[in-house]
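Chemist: Structure here, sequence nowhere to be found:
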């Protein structure tokens, strides 16, 4: 008779096997940031492009160029609807790339912008998107220095897609790396979670749910700089976008081969986000943010980190949400508000509203 | 959130845990089945087993409407969705359920127009907005969900909407509980009854469980304190030598159910002579179909469906898991061949399937969890 | 099965007798109240709490019963003082 322990060990080994893409066609799950995305990235992209800068699979690559350390990143934006409370595809495209650079520990400098426009797309909408990109770039202190435009036939794109790439410079001597995470470290989140994801989900209108929520899209470079100035012992920073905080924590736990224990009651979340998530049967830990990051810092500096974050308005609701421990390696656990414990796994695809 | 947060209170949970421990007879083991997948989900999501003594074991039951849909029905729905003028709608829960030839998500990737809705009324609205398309709602669920489908059909009929139909897969809970009780390989000490089904059917239909089988049932809510209290009530009945139907969820469940809801079901639907349940096989009078009077809204009559019975994959032991005979991890393929990424059985797909709940939330023995969270 | 969430009826829709606006933690949705009605014992109105499932109000939440359940749990706490003391030393923290 096989024991539960043996089964768990078998699962652990299975999870460490090289990922494969079993589907014959791309499904939406491949773009959701969860396990399906991970398999696609590792089995198709990393396998083909393999090099040390890529293999870290961080939010951007850190490159040494003539003695300087540069961070380089790219991201594409396909949000629907294009305009939503608190933002639009334009500021999302700038902030997202700025944030990917910021969490590498870099000062974002220059961005590119590529547009794929659908035939028939209103020029007024494009102007509105571009204006908010310009405003976001000013706010983040970056310049959009190069770009590209393509137009595709009607029906071949959902109005407008934006793709941005960005370069930043690492001015501090630190290396942010999930493998540096140690037992005893503290896990922080820079603000209330899930607002962007829920706002966009509701803005689509299909669920017919109304709430006075706005996206959290914002540039994080100032907040990150405030944290790095105050606390040198920051191990790693991650932008909690697709897949939410839970996905980021799983990536860190797996890279560091440590456990992360989240204190569910400590996770900052606005009541309306919690309410919408209850109604739809989804877990806010998996809902995307566009202006929040997760930080792992030396446990001894958790208070200093928190103080530094809370001095900025973007970080006023920052919180310590958990800690790192050695066992069980690679897993994220939650101490539930109820006082129990559960596993917080990576999702397969998008969190889908459910009725049961 | 009112009526939610107060039932997730850790202090009150400790009180109940103490009470539960005090009611356990030394040396005796208790096996209670939570019939409903919503309870399974709540148990794992809140880490409720941490409060239970080793002597109390919760066995997961068949009350997960997604888990019990046989593969052939998924294939039928996909066949309907392949008609170019059809928009197939269903709840988010159904999208990843594997049929014999892939899931709704796979069919969608291959070109079918399949959309997720929050309510059957949203599907009807979609029909009104797309008069040139035929909108089919894949209805799933127990008696909790059937009235919503029925009310939607009544509304469609009243409005004269002609491009809306229902692919009816509603099932009924009592025959499933009977099938479990008739299963020879399972010994249970009591049942945690399905709270939300009971808002519709009330508590009376469970009377046969104490009467004919001598087992208690406590109808329970879905917050973790509700489930703990139900366990406490079951243990108290056993300690006092009683076997009765009791209602823990009095704030929501009226003893006599909701007659308007039952009436709505009865107007639109009738019992099928038999229906196949995934893993459990054919169970007579266990599902609903549209009445002749509403044939115009019955997707099974409007569309040609293959109606082919697809045998469950041999390796899959969902049936044993659904009956509570096997724990999820005791299934041969659990966690390796069958995972949430590549589910073989439905129990691994639905958020409230026992295997998915165990894999996603509970994949960790109580002892190890306690050791880890103390560290 | 069957996700059901408690919400408060904040408005009845003037032009549709079977619809009400229900608020859940500040989030609002139109919910069909046809299974409860607006008159009789199960009938609901503004200020009532209902259990919402797939866009339908399934049941009126009985506030007195909800309070009674919580009071019962408080009573249990007093009955199990000794066991609680014993638990304090255990690993459920």
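Modeler: Perfect, thanks for sending it. All values reported here derive from a predicted model rather than from experimental measurement.
Chemist: From now on I want contacts and neighbour counts done on CA atoms only, so please keep to that.
Modeler: Noted.
Chemist: State the helix or strand in which the closest residue to residue B:259 other than its chain neighbours lies.
Modeler: Take residue B:259 and drop its neighbours on the chain: the residue closest to it by CA to CA, 6 or more residues apart in numbering or on different chains is residue B:200, 7.3 Å away. Element membership of residue B:200, judged by DSSP states H and E, is helix B:195-201.
Chemist: Give me the contact list for that helix.
Modeler: By CA atoms under 8 Å, 6 or more residues apart in numbering or on different chains, the residues outside helix B:195-201 that reach it are B:142-144, B:173, B:219-222, B:249, B:252-254, B:256-259, B:261-262, C:1-2, C:4, C:58-59.
Chemist: immediately after it, which helix or strand?
Modeler: Next along the chain from helix B:195-201, counting by DSSP H and E, comes helix B:208-213.
Chemist: Parallel or antiparallel, which strands does whichever helix or strand comes after that following helix pair with?
Modeler: Sequence-wise, the next helix or strand downstream of helix B:208-213 (DSSP H and E) is strand B:217-220. Applying DSSP bridges to the sheet, strand B:217-220 is found paired with strand B:190-194 (parallel), strand B:245-247 (parallel).
Chemist: Quick one: distance of the first one to the chain centre.
Modeler: What it means is strand B:190-194. Averaging C-alpha positions (CA atoms, centre = their mean, to the nearest Å) puts strand B:190-194 13 Å from its chain's average.
Chemist: The closest residue to chain C within the stretch 251-356 of chain A: what's its closest spatial neighbour, skipping adjacent residues?
Modeler: Going by CA to the nearest CA, chain C is nearest to residue A:356 of the stretch 251-356 of chain A, at 4.1 Å. Among residues not flanking residue A:356 along the chain, residue C:2 sits closest, at 4.1 Å (CA to CA, 6+ apart).
Chemist: That neighbour belongs to a strand?
Modeler: No - using DSSP: H, G, I helix; E, B strand; the rest coil, the assignment for residue C:2 is coil, not a strand.
Chemist: Residue numbers of the stretch 51-200 of chain A in contact with chain C?
Modeler: Counting by CA under 8 Å from any CA of the partner chain, the stretch 51-200 of chain A comes close to chain C at no residue.
Chemist: Just the helices from the stretch 51-200 of chain A, written as ranges.
Modeler: In the stretch 51-200 of chain A, the segments counted as helices under DSSP state H, counting those that start in this stretch are A:52-55, A:89-102, A:123-140, A:195-203.
Chemist: got those helices as JSON lines, with distance to residue C:19 and mean pLDDT columns?
Modeler: Formatted as JSON lines, the helices of the stretch 51-200 of chain A follow (distance: least, CA to CA, whole Å; pLDDT from 0 to 100):
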{"stretch": "helix A:52-55", "distance to residue C:19": "54", "mean pLDDT": "88"}
{"stretch": "helix A:89-102", "distance to residue C:19": "35", "mean pLDDT": "97"}
{"stretch": "helix A:123-140", "distance to residue C:19": "36", "mean pLDDT": "98"}
{"stretch": "helix A:195-203", "distance to residue C:19": "20", "mean pLDDT": "95"}
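Chemist: Tell me which of the ones you listed sits most buried.
Modeler: Most buried of the helices of the stretch 51-200 of chain A, by mean neighbour count (mean count of other CA atoms under 10 Å in any protein chain shown): helix A:89-102, with a mean of 29.
Chemist: Report all helices and strands that that helix contacts.
Modeler: strand A:68-77, strand A:107-118, helix A:123-140, strand A:160-169, helix A:221-230, strand A:234-239 (3 or more CA pairs under 8 Å, 6 or more residues apart in numbering or on different chains; DSSP states H and E).
Chemist: just to revisit the earlier point, closest to residue A:262 out of the helices of the stretch 51-200 of chain A?
Modeler: Shortest distance between residue A:262 and the helices of the stretch 51-200 of chain A, using CA to CA, is found for helix A:195-203: 19.3 Å.
Chemist: That closest one packs against which elements?
Modeler: Against helix A:195-203 (3+ CA pairs under 8 Å, 6+ apart) you get strand A:83-84, helix A:271-280.
Chemist: looking at these, which is closest to residue C:50?
Modeler: Ranking these by proximity to residue C:50 (CA to CA) places helix A:271-280 first, at 12.9 Å.
Chemist: buried set for the closest one?
Modeler: Within helix A:271-280, the residues scored as buried using 16 or more other CA atoms under 10 Å in any protein chain shown are A:272, A:273, A:274, A:275, A:276, A:277, A:278, A:279, A:280.
Chemist: any chance of those residues in TSV, with distance to residue A:256 too?
Modeler: As requested, the buried residues of helix A:271-280 are arranged in TSV below (distance: CA to CA, whole Å):
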residue	distance to residue A:256
A:272	34
A:273	31
A:274	30
A:275	34
A:276	33
A:277	30
A:278	32
A:279	35
A:280	33
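Chemist: any chance of these in TSV, with distance to residue A:236 and pLDDT too?
Modeler: As requested, the buried residues of helix A:271-280 are exported to TSV (distance: CA to CA, whole Å; pLDDT from 0 to 100):
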residue	distance to residue A:236	pLDDT
A:272	30	95
A:273	27	96
A:274	27	94
A:275	31	93
A:276	31	93
A:277	28	93
A:278	31	90
A:279	34	88
A:280	32	89
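Chemist: Which ones among the residues you listed also lie next to chain C?
Modeler: A:272, A:274, A:275, A:276, A:278, A:279.
Chemist: OK, contacts around residue 55?
Modeler: Just so you know, I chose chain A. residue A:46.
Chemist: other chain: chain C
Modeler: Residue C:55 sits in contact with B:118, B:119, B:121, C:30, C:31, C:32, where contact means CA under 8 Å, 6+ apart.
Chemist: can you narrow the residues you listed to ones near chain A?
Modeler: B:118, C:30.
Chemist: From the contacts of residue C:55, list just the buried residues.
Modeler: Using 16+ other CA under 10 Å, the buried ones in those are B:118, B:119, B:121, C:30, C:31, C:32.
Chemist: export the contacts of residue C:55 to a markdown table and tack on pLDDT and secondary structure?
Modeler: Output for the contacts of residue C:55, formatted as a markdown table (pLDDT from 0 to 100; DSSP: H, G, I helix; E, B strand; the rest coil):
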| residue | pLDDT | secondary structure |
| --- | --- | --- |
| B:118 | 92 | coil |
| B:119 | 94 | coil |
| B:121 | 96 | helix |
| C:30 | 94 | strand |
| C:31 | 96 | strand |
| C:32 | 96 | strand |
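Chemist: where in chain C is pLDDT low?
Modeler: C:1, C:82-84, C:86-93 (pLDDT under 70).
Chemist: Show me the strands in it, by range?
Modeler: With DSSP state E as the criterion, chain C has strands at C:5-12, C:19-24, C:27-32, C:49-53, C:56-60.
Chemist: Now do the last one against strand C:5-12, angle only.
Modeler: Strand C:56-60 and strand C:5-12 meet at an angle of 100 degrees, taking axes from the mean of the first three to the mean of the last three CA atoms, to 10 degrees as the criterion.
Chemist: quick check, strand C:56-60 touching chain B?
Modeler: Yes - Strand C:56-60 is in contact with chain B by CA under 8 Å from any CA, via C:56, C:58, C:59, C:60.
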